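Engineer: Kindly return the folded structure for what I paste below:
(one chain, ligands or ions: 1)
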Amino acid sequence: MRPLDPRLLRYARSARAYLAVTVALGVALAALIVAQATLLAYGITAVFLHGADAAALAPVLGWLAVVVAGRCLVAWAQEVTAVRCAAGAKSELRRLVLARLAALGANRPASTGAAVTLVTRGLDALDAYFARYLPQLVLAALVPVIVLARLVPADLIAAATIALTLPLIPVFMVLIGLHTQAANRRQFRLLARLSHHFLDVVAGLPTLKLFGRARAQADAIRRISADQRRLTMRTLRTAFLSSLVLELLATLSVALVAVGVGLRLVSGELDLTTALLVLILAPEAYLPLRQVGANYHASAEGLAAAAEAFELLETPVPAAGTAAAPDGALVFEDVVVRYPGRDGDALRLSARIEPGEVVALTGPSGCGKSTALAALLGLVAPASGRITVGGVPLATVEPGAWRARIAWVPQRPHLFAGTVDENIALGGAGDVAGAARLAGVYGFTDGDAVLGDDGTGLSAGQRQRVALARAFLRDAPIVLLDEPTANLDAGTAAGVMDAVRRLARGRTVVIAAHRPELIALADRVISLAPAAAVPR
Ligand SMILES: Nc1ncnc2c1ncn2[C@@H]1O[C@H](COP(=O)(O)OP(=O)(O)OP(=O)(O)O)[C@@H](O)[C@H]1O
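Structural biologist: Residues are numbered from 1 along each chain as shown. Take a look at the predicted model:
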């Protein structure tokens, strides 16, 4: 990771404004440092060499007070802009990452846990980068130059010593950075894996408990946590050791300057004012570089997260069509779908579905029924062949407009925490109560009943009916149903099938179906051959 990744400025607009403000504040601070050193050198010389009294010192002290107040003001402004910019940049990056995740859909490279870690804790770690690292980086570029510009006319030898020893610090920093970069990336990936695993385990806790595997999972989490702790400690060790090396280097360099100044002061080659000016300014030239090194480790996690975010933002989104959504027959022309990381085909299908037809997709488990619906929704793209709608290739149709024409009831509909009516209203604008009644939802609950996360509080059959109510509300010409009666008892299934029958009137309906009664609802059956997708 570079000290200042240009992609950060490209993606986060607030970072650009912040950098400009930080440079301006850095110049002001460097000028104040030089002014403070000059005033101190004059003041001390006046007292010790010329025995100046309080009255004679008053102007110098007055200006010193102004300079100190100025430094406080700059530090305050820096802190305030850093916090504001960090918040702005983080929310910009979060928005972009979430938008890209949404656009990538099923093609997103990161697991859910990794994505959650990235947009929460990962990007939060950028605080240290903005508040500590970046200002010091700017100061490290500005302060030595301005200090040297002041020292060259005053004492060329001291200026040359500083100019020769200063580059040693960045050289060591680069060497240390090269060593820690991979470790930081590894640490962030491990954290993402831990989050993913944790999320998965929490979601599956009832199952794990039931099969007596909860303890084994606790061991797995303990093992990954221990790895994470070891890596963190290793990073911290490197951070402390590298700070020590940089401190030592800076101290030796200042000592070199001080010895030279002392010798020349004793031999009378240098006056006291200049000697004091050099002695006060020399440590200031090294300070920002040392601080950059020390702050690099604090911000490394944020930088690693930002690098992950940029990788995600640079993952190309499959080109989306722009054509208007047409009416007409849905045609699968030698469509083959493959999933990344799987060998073999998940779906192979050639079929034609006329408008207004109710079609059942049947076949053994894993033959690609859900995949066919996902391909119709545009969630997965065919590896070969194409789907056309009224003769227009689906790939060229604007996805938003196309999906607005579809009501989809997936196999496991996702319900959100909220009331039953709010969940139904996700289907679209319109008569929620009417849609709920058509799907038979109010037979087992009322619209104001509050559901927990993922719709806790409803049975599988009741969830299916809420999902069907969404489809009624959507009032779309094409309805895709993915085994809406799977796992339901005969009575509940009959209720859901009544709702499906009502929904099918006047619409094109494609049902992925196993149950004979559900298949019997269809005008026609399309049998899928067993697919051959196997995990790699
Ligand atoms: N997201 C995915 N990533 C990788 N492989 C997948 C994914 N979804 C499905 N598959 C694989 O694709 C094949 C077809 O799956 P699909 O879910 O379409 O079958 P199905 O006919 O709907 O099955 P079922 O009747 O059990 O619901 C299966 O072999 C499955 O393992």
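Engineer: Now do whichever strand or helix holds Gly62, average pLDDT.
Structural biologist: In this assignment (DSSP states H and E), Gly62 forms part of helix 54-104. Averaged over helix 54-104, pLDDT sits at 90.
Engineer: so what does it touch, helix or strand wise?
Structural biologist: Contact analysis of helix 54-104 by 3 or more CB pairs under 8 Å, 6 or more residues apart in numbering; DSSP states H and E lists helix 6-11, helix 13-48, helix 123-124, helix 126-128, helix 134-154, helix 272-313 as its packing neighbours. (Glycine included, C-beta is placed from N, CA and C.)
Engineer: Any residues of the stretch 301-450 of the chain in contact with the ligand? List them.
Structural biologist: Within the stretch 301-450 of the chain, the positions adjacent to the ligand are Tyr339, Arg342, Ala346, Ser365, Gly366, Cys367, Gly368, Lys369, Ser370, Thr371 by CB under 6 Å from any ligand atom.
Engineer: Low-confidence stretches in the stretch 351-500 of the chain?
Structural biologist: Residues of the stretch 351-500 of the chain meeting the criterion pLDDT under 70: 487-488.
Engineer: how about the helices in it?
Structural biologist: Assigned by DSSP state H, counting those that start in this stretch, the stretch 351-500 of the chain shows helices spanning 369-377, 399-404, 420-425, 432-438, 460-474, 490-504.
Engineer: For the second one, give me every contacting residue.
Structural biologist: When you say that, I think you mean helix 399-404. By CB atoms under 8 Å, 6 or more residues apart in numbering, the surrounding residues in contact with helix 399-404 are Ala320, Gly321, Ala324, Ala325, Leu377, Gly378, Val389, Leu394, Ala476.
Engineer: Which one (most neighbours) among those?
Structural biologist: Of all these, the most densely surrounded is Leu394 (25 neighbours; neighbours counted as other CB atoms under 10 Å).
Engineer: measure the closest residue to that residue other than its chain neighbours to Thr371 for me?
Structural biologist: Leaving out its chain neighbours, the residue that sits closest to Leu394 by CB to CB, 6 or more residues apart in numbering is Ile387, at 4.3 Å. From Ile387 across to Thr371, the span is 12 Å (CB to CB, to the nearest Å).
Engineer: What mean pLDDT does the helix or strand hosting Met233 get?
Structural biologist: Using DSSP H and E, Met233 sits in helix 214-266. For helix 214-266, mean pLDDT rounds to 84.
Engineer: Going by contacts, tell me the helices and strands next to it.
Structural biologist: Using 3+ CB pairs under 8 Å, 6+ apart: helix 214-266 touches helix 156-165, helix 168-203, helix 205-210, helix 272-313.
Engineer: Three-state assignment for His50, please.
Structural biologist: Three-state assignment for His50 (DSSP: H, G, I helix; E, B strand; the rest coil): coil.
Engineer: Now do the contacts for it.
Structural biologist: His50 makes no contacts at all, as judged by CB under 8 Å, 6+ apart.
Engineer: looking at the helices of the stretch 351-500 of the chain, which is buried most?
Structural biologist: helix 460-474 (a mean of 25; mean count of other CB atoms under 10 Å).
Engineer: could I have it exported to PDB, CA atoms only?
Structural biologist: The C-alpha coordinates for helix 460-474 follow below in PDB (Å, rounded to 0.1, in the frame of the first residue of the first chain):
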ATOM      1  CA  ALA A 460     -42.700 -21.600   6.800                       C
ATOM      2  CA  GLY A 461     -46.100 -21.800   5.300                       C
ATOM      3  CA  GLN A 462     -47.100 -18.400   6.800                       C
ATOM      4  CA  ARG A 463     -43.900 -16.900   5.400                       C
ATOM      5  CA  GLN A 464     -44.800 -18.300   2.000                       C
ATOM      6  CA  ARG A 465     -48.200 -16.500   2.100                       C
ATOM      7  CA  VAL A 466     -46.600 -13.200   3.100                       C
ATOM      8  CA  ALA A 467     -44.300 -13.600   0.100                       C
ATOM      9  CA  LEU A 468     -47.300 -14.400  -2.100                       C
ATOM     10  CA  ALA A 469     -49.000 -11.300  -0.800                       C
ATOM     11  CA  ARG A 470     -46.000  -9.300  -2.000                       C
ATOM     12  CA  ALA A 471     -46.400 -10.900  -5.400                       C
ATOM     13  CA  PHE A 472     -50.200 -10.000  -5.400                       C
ATOM     14  CA  LEU A 473     -49.300  -6.400  -4.500                       C
ATOM     15  CA  ARG A 474     -46.700  -6.200  -7.200                       C
END
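Engineer: any idea how far Val67 is from Ser91?
Structural biologist: Separation of Val67 from Ser91 (CB to CB) stands at 37 Å.
Engineer: which ones are touching Ile492?
Structural biologist: Just so we're on the same page, residue 492 is Thr rather than Ile. Each residue near Thr492 by CB under 8 Å, 6+ apart is listed here: Ser459, Gly461, Thr485.
Engineer: try Gly122
Structural biologist: Taking CB under 8 Å, 6+ apart as the criterion, Gly122 is in contact with Phe188, Leu191, Ala192, Glu301, Gly302, Ala304, Ala305, Glu308, Ala309.
Engineer: How about the residues of the stretch 51-200 of the chain by the ligand?
Structural biologist: Within the stretch 51-200 of the chain, no position is near the ligand by CB under 6 Å from any ligand atom.
Engineer: could I get the helices and strands packed on helix 214-266 as JSON lines with mean neighbour count and mean pLDDT?
Structural biologist: Listed next are the helices and strands packed on helix 214-266 as JSON lines, based on neighbours: other CB atoms under 10 Å; pLDDT from 0 to 100:
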{"stretch": "helix 156-165", "mean neighbour count": "18", "mean pLDDT": "91"}
{"stretch": "helix 168-203", "mean neighbour count": "17", "mean pLDDT": "77"}
{"stretch": "helix 205-210", "mean neighbour count": "12", "mean pLDDT": "80"}
{"stretch": "helix 272-313", "mean neighbour count": "22", "mean pLDDT": "84"}
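Engineer: possible to save those as CSV with distance to Pro135?
Structural biologist: What follows is these, written out as CSV (distance: least, CB to CB, whole Å):
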stretch, distance to Pro135
helix 156-165, 22
helix 168-203, 16
helix 205-210, 45
helix 272-313, 9
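Engineer: and Gly62, which of those helices is closest to it?
Structural biologist: Between Gly62 and those, the shortest gap by CB to CB is with helix 272-313, which sits at 18.9 Å.
Engineer: starting at the chain centroid, how far to that closest one?
Structural biologist: In terms of CA atoms, centre = their mean, to the nearest Å, the centre of helix 272-313 is found 25 Å from the chain centre.
Engineer: After that helix, heading C-terminal, what element do we hit next?
Structural biologist: Following helix 272-313 in sequence, per DSSP H and E, is strand 330-337.
Engineer: Starting from that following strand, tell me which strands it pairs with and how they run.
Structural biologist: In the sheet, strand 330-337 lines up against strand 347-353 (antiparallel), strand 384-389 (antiparallel) (DSSP bridges).
Engineer: List of residues touching that strand?
Structural biologist: Around strand 330-337, the neighbours that count as contacts under CB under 8 Å, 6+ apart are 345-353, 368, 371-372, 374-376, 380-389, 478, 508, 510.
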